[in-house]
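S.K.: Prediction below, plus the sequence it came from.
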Amino acid sequence: MRIKPLLAIAFAAVVSAAPVRAETAVIHHNATVRIDPERARLYIVDTLTLHGHGATTLSLSSAFNVESVTVNAKPATVRRDGDELTVDLNGLGPHQVKLNYLGPGEPLLTPEGGFVEASWLAQPEGALATWSITGQTPPDQKFIVPGKLQSEMQTSESYQAQFENLTPSGLPVLITGPFQVAEKMLGDIRLRTYFHSELAPLANDYLDDTARYIAHYVDQVGPYPYPGFSIVSGPAPVGWGLPGMTYMGRRVLALPFIRHTSLPHEILHNWWGNAVEVDYAGGNWAEGLTTYQADHAIAEQRKPGGGQEKRLEWLRNYAALPADRDHALTAFRSKTHDASQVVGYGKTAFVFHMLSVQLGQDTFGKAIQRFGRDNLWKTAGWSEIQTAFEAESGQDLSAFFQAWVERPGAPDLKLTNAKADGNVVRFSLHQTQDSPAYPLTLPLTLKTATGTGRHSVTMLGHDQSYTLTSTAKALALNIDPDTDVFRRLSPNEAPPILRDVTLNTNALLLALGDPSLRAAARDLADTLLQTRVRMGTRTAPIIIGTTKDVRAHLARNGLPQAPTEIATAGDARAWTARAEDGRTLLVVEAEDAKALKALTRVLPHYKRRSYVVMENAKTIDKGTWASGPGTLTVRLD
């Protein structure tokens with residue numbers, strides 16, 4: 001299970017189980033569970049259908065006390081060693097093994113909400129499961145596990161529901177809470193919200209958006225793979241994706257933008273990462289594909305140029321990535337640090353975008369649908385993706401996938417010798433990186449006296465020269481005008497952002513001010529770098545303190561002062577600047593420790609920005625410093 005905090009961000013972890021392989025055993029569970037959130041207790045009776053004979057070992061959390069075991073309705077002897085239960089079976093079976101046990105749920109099982117991981121059911125190691133699970137809670141609580149809702153009943157004494165899943169999967173989680181349930185049907189797909197009371201007024205909007213997103217992805221990807229989709233609120237600020245549902249913190253769900261960011265991302269994960277499972281040994285492709293088809297697509301829809309802004313953001317994040325933290329897409333498993341997200345989400349999404357540009361949107365869409373069809377309820381990796389794209393395009397894409405999936409890095413492009421002789425333009429392109437040349441399809445625009453024309457060129461080597469002929473006098477040439485190619489940005493295109501500093505876990509901190517403010521400064525730096533920061537001297541790239549102390553330090557050392565546009569705004573400011581020696585500085589100043597602590601709660605969510613301003617614990621301004629045209633644009637007149 002991959003878990004991460006989710007607060008004011010668009011991505012949530014996928015919690016999924018490996019679909020069935022031919023050699024994998026499948027165990028059916030017919031279970032009833034009585035849930036007592038007040039005492040954090042579960043009372044479980046589970047009948048497993050097992051094949052085989054002799055001693056069989058089941059895994060079950062040692063927190064549970066097994067009261068009785070029968071095999072084919074006869075009492076059986078059980079040997080226990082920690083999380084392992086060994087039961088003796090007779091003959092080849094099938095056998096009905098009935099377990100009666102009780103114990104505490106996970107620490108998260110409380111009256112305000114519970115999330116119990118898969119160890120609450122007994123299962124042979126490595127096997128997959130199907131199930132029919134009936135749960136009973138007090139009347140003010142609800143219960144849900146992944147699967148199709150078969151029945152439910154509410155009385156003054158209790159709530160009861162039954163869920164069934166007949167697709168071989170990993171063991172289910174168990175979720176409880178004092179939920180109010182709202183429902184909407186999309187054909188035969190049951191959409192539900194399980195919300196805490198303060199979120200109940202938002203239910204209809206969430207359901208309407210969920211129906212719209214699912215209908216869109218059915219058109220883009222293929223049939224929805226589950227009987228329903230539920231949005232469940234929890235007490236902690238988390239975001240977990242599960243088959244047929246998403247579990248998010250109640251404060252997260254209250255944020256107005258979550259319906260347009262995290263929600264579509266989580267819905268699409270029902271295809272990518274759940275119904276089609278990731279072959280993690282060869283790299284996690286699902287986060288990047290989901291990011292491209294959800295987050296990037298929504299950015300394109302919301303405003304003109306939104307997709308290009310998103311791609312430029314990914315390139316700026318990559319420009320900030322230290323070389324020793326770069327890796328191939330095949331090495332990405334899950335987000336463990338911002339650095340891994342830069343490659344596993346941003347670069348991977350960009351690679352899918354380049355496939356769309358190179359092959360065309362129609363071929364791209366058909367390839368994605370083929371990949372989904374061919375690998376439904378299977379484990380798939382990059383080789384299966386390549387197979388689908390080659391089948392639909394009729395092209396050999398081995399060079400593309402080898403360069404962009406199996407290798408780290410990015411091309412560093414230079415445009416030289418650009419000259420116009422009337423309507424004839426000649427120019428050269430160079431890939432200056434040491435590694436082998438990347439195969440590139442490079443869009444370009446040529447501005448002439450009568451308008452702007454779009455063209456593209458192919459680049460397969462480190463150095464190539466090109467000639468273009470237009471119908472009028474050529475005025476300007478722009479390579480990659482819409483940011484369609486994953487590449488290293490030139491300095492003009494990559495203004496400093498917080499990640500220039502925060503991705504370097506060895507960055508030092510200079511804390512200025514009294515002891516309470518220095519302690520708050522260290523807390524902020526630890527949070528930003530996601531590690532225990534080391535203290536530095538006047539040359540440290542992170543400078544945090546009171547406004548007075550910070551500005552005095554900058555003046556004494558000849559460092560850039562606060563930019564004019566934010567210098568007098570708010571009561572806490574953070575900004576990036578480049579020193580004369582080329583270093584990127586992250587400067588944070590606040591009027592007092594209270595204002596700095598408020599910034600600490602917010603600033604980690606703005607690492608892609610160049611500056612953030614707060615006043616009275618609220619963000620009043622944020623942005624990225626303006627970028628220039630870069631080295632791939634040249635005037636010809």
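M.R.: Alright, I've got the coordinates. Fair warning: this is a prediction, and the values are worked out from it, not measured in the lab.
S.K.: for the helix or strand containing residue 45, packing partners?
M.R.: Of the helices and strands defined by DSSP states H and E, residue 45 is found in strand 41-50. Contact here means 3 or more CB pairs under 8 Å, 6 or more residues apart in numbering; DSSP states H and E; on that basis strand 41-50 packs against strand 26-36, strand 95-104. Where C-beta positions appear, they are placed from N, C-alpha and C, glycine not excepted.
S.K.: Now do the buried residues in the last one.
M.R.: So that's strand 95-104. Applying a neighbour-count criterion of 16 or more other CB atoms under 10 Å, one finds 95, 97-99, 101-103 buried in strand 95-104.
S.K.: can you check the longest one too?
M.R.: Judged by neighbour count using 16+ other CB under 10 Å, the buried positions of strand 26-36 are 27-36.
S.K.: what number of residues lie near residue 182?
M.R.: As a burial measure, residue 182 scores 18 neighbours (other CB atoms under 10 Å).
S.K.: From residue 426, how far off is it?
M.R.: When distance is defined by CB to CB, to the nearest Å, residue 182 is 64 Å away from residue 426.
S.K.: follow-up on the earlier one: may I see the buried residues of strand 26-36 arranged in JSON lines, with distance to residue 379 and pLDDT as well?
M.R.: Formatted as JSON lines, the buried residues of strand 26-36 follow (distance: CB to CB, whole Å; pLDDT from 0 to 100):
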{"residue": "27", "distance to residue 379": "19", "pLDDT": "94"}
{"residue": "28", "distance to residue 379": "21", "pLDDT": "96"}
{"residue": "29", "distance to residue 379": "22", "pLDDT": "97"}
{"residue": "30", "distance to residue 379": "27", "pLDDT": "98"}
{"residue": "31", "distance to residue 379": "26", "pLDDT": "98"}
{"residue": "32", "distance to residue 379": "32", "pLDDT": "98"}
{"residue": "33", "distance to residue 379": "29", "pLDDT": "97"}
{"residue": "34", "distance to residue 379": "35", "pLDDT": "97"}
{"residue": "35", "distance to residue 379": "33", "pLDDT": "96"}
{"residue": "36", "distance to residue 379": "37", "pLDDT": "95"}
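S.K.: show me where pLDDT drops low in this protein?
M.R.: In the predicted model of the chain, residues 1-24, 105-107 satisfy pLDDT under 70.
S.K.: Next up, the contacts around residue 114.
M.R.: Contact analysis of residue 114 by CB atoms under 8 Å, 6 or more residues apart in numbering lists 35, 37, 40, 105-106, 108, 174-177.
S.K.: where along the stretch 251-400 of the chain do the helices fall?
M.R.: Assigned by DSSP state H, counting those that start in this stretch, the stretch 251-400 of the chain shows helices spanning 262-268, 286-290, 297-302, 306-319, 338-341, 348-359, 361-374, 382-393, 398-405.
S.K.: Mind putting the ones you listed into TSV with mean neighbour count and distance to residue 567?
M.R.: As requested, the helices of the stretch 251-400 of the chain are arranged in TSV below (neighbours: other CB atoms under 10 Å; distance: least, CB to CB, whole Å):
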stretch	mean neighbour count	distance to residue 567
helix 262-268	25	35
helix 286-290	26	39
helix 297-302	16	31
helix 306-319	20	24
helix 338-341	21	28
helix 348-359	22	36
helix 361-374	17	46
helix 382-393	18	49
helix 398-405	17	43
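S.K.: what's across from the closest residue to residue 573 other than its chain neighbours in the sheet?
M.R.: The shortest distance from residue 573 to any residue that is not its chain neighbour, by CB to CB, 6 or more residues apart in numbering, is 5.1 Å, and that residue is residue 613. Note on residue 613: beta-bridge partners by DSSP bridges are residue 573, residue 621.
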